[in-house]
Each structure stands twice: as structure tokens, then as C-alpha cells.
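Here is a sequence together with a model predicted from it:
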Amino acid sequence: MTIEPPAPGEPRRPFGSRNPGDAWVVAPDGTRYWGRFGAAGLLAIDAERGILLQHRVSWSHHGDTWALPGGARHEGESASDGALREAAEEAGVPDGAIRPRMLSVLDLGYWSYTTLVGDVAEAFEPEISDPESRELAWVAADAIDRYPLHPGFADSWTTLRPLLAVRPAVVVDIANVVGAVPDGWWRDRAGAAGRLTGRIAALAEAGAPAGVLDLPGHTWFPEWVAVVEGRASDARGAAGVELVRAPGSGDDEIVAQTVRLVEAGRTVTVVTSDRELAARVTQAGAIARGARWLLDLLD
């Protein structure tokens, strides 16, 4: 749990045990930023209830304002892990309740703040478990500007608000991508498809680097759909990847998955080097990328 010290001139509260990351970083102009190793916060999106906000106590830095659950990162801790840990400590966000969608980083060189944008995969009721919180509330995105916001969150909200509607998805023509590498896949198509799906799962966990999905410069965690067909239909699945076993034509199933995702409001990329299939999914509203695009990401 991160306990920020009070703002200058305000009464000091007991800190308890301290983590080495719980310290101020002072900018060249004298501005102070909390978190020796940077800081991170969670922007949790519930499709029905809105955005989870924390009403900060008056004695905290920029007290009596509303912001995201978050705080100082621990040494060696990833931004995602830091955001989820702080959200669990400050708002009782359960482990596994959030599906990451995007990481947005403010990097000042001497200090950084990372916002993890995630969708609520399992509904939960937030609980105050940190003395920095006056209350926790789900707030509709359109109503957030009416609240007195923490200055840092107010600045980031201007950038983040338009991105909340962006939900990327990637559909992979597994047979086409497997066939692009002559590694003996023809002797065991199901095994080769399973190995590729496992590599995609690792990429799904790490996130797609900024710029590769033709989206604003952030790390994105798209939904991954892997379509297998024929002798590869017995391929083993992997966590983080939806494995679709085509009952007939693999191309037709890829088009069907593309249409489904586009109609659901997803920004869809289809990975295939088949020109005819690429034309079909482009017509359906997706962006087509060749097999090498994905293989380079995996490498």
C-alpha cells in the first residue's frame, strides 16, 4: 500500500512500513512527483457502471480531488503489475477482475506515470482499504469532467477519453502464418498450429508495441482470435487467445469472425498473406497484414 505524505503545510499522518519507491522525485523546476521508480494507476472500465474513481482525502497531495486508484511503483515492478497492485490495495479490485486494454505512458525523463486502461471482466464492488480514500465510485465517462479532478488525472483524461471507444482485435489465419515458415509443419499441422498459438499467447500477455496496430502511440492488448482448419483443428489452445476451429472453409470462418468483431465495434486487424482473403476482410472493414507482420512481432 502506498501512503502519500501530506501536501506541504498540511498535518502529517502515520506512514507505517515504507517501500523504497515511496519517495518524491523533484523536477528541475522544483515540481514534485510521487514515486521514486515512477507511478501507475488503473482506469477500470465497467460497461454498465462507468469508470472507477477514487475521492482522495483532504490531507493527501492535491487532496479532496477525484482520480484513479494508483500510486508509486516498487523497484523492478512492471507498470501493469504496479497499477493492479495499487488498485487492489486502494480499492479492493480483485485479482483477475481486469482485462488489460492499453498502457498509456507519460514519460518526463526523470519520472513517469503509466495508466493501465482495462475492462472489468468480472464485476466487483470496490472497497475502501486505504486511508487516502474518502470514497470510491463508478462514474459515467461523460460525467467525469463535472468532478473536481486531480490535476494529473485531468490532463491525462483529455488524452484518454477519446480512446475509450477503441477496442482492437487481431484475427490470425493460422494455416497461412504456419505455412510461411518451412519448419516441417506439414508433418504435424496441429502441433505447429498449437506452437504458434502459444507464441501468440505470450504476445497477448506482453502487449503489442506502440504503432504496430495503426492506433495512437500506446501499448495495446488486443483480443486475439486464432482460426484453425482441417488437420490443424486438433491444435491445443492457449490462455489469452480465442481458438476458433472452422467447421468448413477456414477463409469463410475468418471472414465471419471479422464481421462479428467489426459489428461489435472492434478495430480489427487480420493476419494473412492470402490476397483474396485479404481483399474480403478489407471489404468487411478490417485492416489486412501479411504473415511476416506477425512473425516479426513474435520474434
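Good, I have the coordinates.

Can you pull the phi and psi angles for residue 177?
phi -70, psi -40 (degrees, to the nearest 10).

swap that for residue 100, please
phi -60, psi 140.

Same check on residue 56?
According to degrees, to the nearest 10, residue 56 has phi -80, psi 150.

Could you give the number of residues near it?
23 (other Cβ atoms under 10 Å). (Each C-beta comes from the backbone N, C-alpha and C, glycine too.)

Check the one 4 residues further on too.
Neighbour count for residue 60, taken as other Cβ under 10 Å: 23.

Please apply the same query to residue 58.
That count, for residue 58 with other Cβ under 10 Å as the rule, works out to 12.

ok, it touching residue 132?
No - applying Cβ atoms under 8 Å as the test, residue 58 and residue 132 come out as separate, 10.5 Å apart.

Verify the stated contact: residue 52 with residue 136.
Yes - the criterion here is Cβ under 8 Å, and residue 52 meets it with residue 136 at 6.7 Å.

If you count neighbours, what's buried in the worst-scoring helix or strand of the chain on mean pLDDT?
When each helix and strand of the chain is scored by mean pLDDT, DSSP states H and E, strand 32-34 comes last, with a mean of 91. For strand 32-34, a neighbour-count test (16 or more other Cβ atoms under 10 Å) marks 33, 34 as buried.

Can you name every helix or strand that it contacts?
Judged by 3 or more Cβ pairs under 8 Å, 6 or more residues apart in numbering; DSSP states H and E, strand 32-34 is in contact with strand 24-26.

List of residues touching the strand it packs on?
5, 32, 33, 34, 35, 36, 110, 111 (Cβ atoms under 8 Å, 6 or more residues apart in numbering).

and the second one, how far is that from residue 62?
By that I understand residue 32. Between residue 32 and residue 62 the computed distance is 11 Å (Cβ to Cβ, to the nearest Å).

so what's in contact with residue 52 and residue 136 at the same time?
69, 91, 126.

Could you list the domains of the protein?
Domain ranges of the chain: 24-164, 166-298, per automatic domain parsing.

Quick one: end-to-end distance for the last one.
Across domain 166-298, the terminal residues are separated by 23 Å (Cα to Cα, to the nearest Å).

still on that earlier bit, tell me the one among the contacts of strand 24-26 nearest to residue 83.
residue 35 (11.8 Å; Cβ to Cβ).

Name all residues that make contact with the residue nearest to that closest one when sequence neighbours are not counted.
Residue nearest to residue 35 in three dimensions, not counting chain neighbours: residue 72, with 3.5 Å by Cβ to Cβ, 6 or more residues apart in numbering. Residue 72 makes contacts with 2, 19, 21, 22, 23, 34, 35, 36, 37, 38, 39, 82, as judged by Cβ under 8 Å, 6+ apart.

now the second one, nearest residue through space, not along the chain?
Just to be clear, that refers to residue 19. According to Cβ to Cβ, 6+ apart, the nearest residue to residue 19 is residue 74 (5.7 Å).

picking that back up, out of the shared contacts of residue 52 and residue 136, which sit inside helices?
Per DSSP state H, helices hold the following members of these: residue 91.
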